[in-house]
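Asker: sequence unavailable; structure follows:
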């Protein structure tokens, strides 16, 4: 199993007109730097797999690079469970890797 660091950060929920889902939390520079340090060990097809938690809700997804950082997609089920809306600032904990 390829796993990288556990990272905690806060970020604003944004909409991006790209592939669905359209709602993401961009990583702040320090968190993005940590991902960049280990991406060679965990990346596949240009994305980085993660297990993430917002509040009490855990989920798996894959981040992809955009605008000099990584974008963490927020699934609809996660947003509903935690009452997350566009513009909210959320606390994220995530484990990089599969």
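Answerer: Yes, it's here. Note that the structure is predicted; figures quoted are calculated from it, not measured.

Asker: this protein: helices as residue ranges?
Answerer: Taking DSSP state H, the helices of the chain run over residues 29-42, 76-82.

Asker: tell me which of those sits nearest to residue 64.
Answerer: Smallest distance to residue 64 across these (C-beta to C-beta): 10.9 Å, for helix 29-42. C-beta: built from backbone N, CA, C; applies to glycine.

Asker: thinking again about what came up before, and the helices of the chain, which one's lowest on average pLDDT?
Answerer: Sorting those by mean pLDDT places helix 29-42 lowest, at a mean of 88.

Asker: give me the neighbour count for residue 57.
Answerer: 15 (other C-beta atoms under 10 Å).

Asker: give the contact list for the residue lying closest to residue 35 once chain neighbours are set aside.
Answerer: Leaving out its chain neighbours, the residue that sits closest to residue 35 by C-beta to C-beta, 6 or more residues apart in numbering is residue 70, at 5.2 Å. For residue 70, the contact set (C-beta atoms under 8 Å, 6 or more residues apart in numbering) comprises 26, 27, 31, 32, 35, 48, 63, 64.

Asker: kindly recompute the last result at 10 Å.
Answerer: 24-27, 31-32, 34-36, 39, 47-48, 50, 62-64, 96 (C-beta atoms under 10 Å, 6 or more residues apart in numbering).

Asker: and it, what are its bridge partners?
Answerer: Note on residue 70: beta-bridge partners by DSSP bridges are residue 65.
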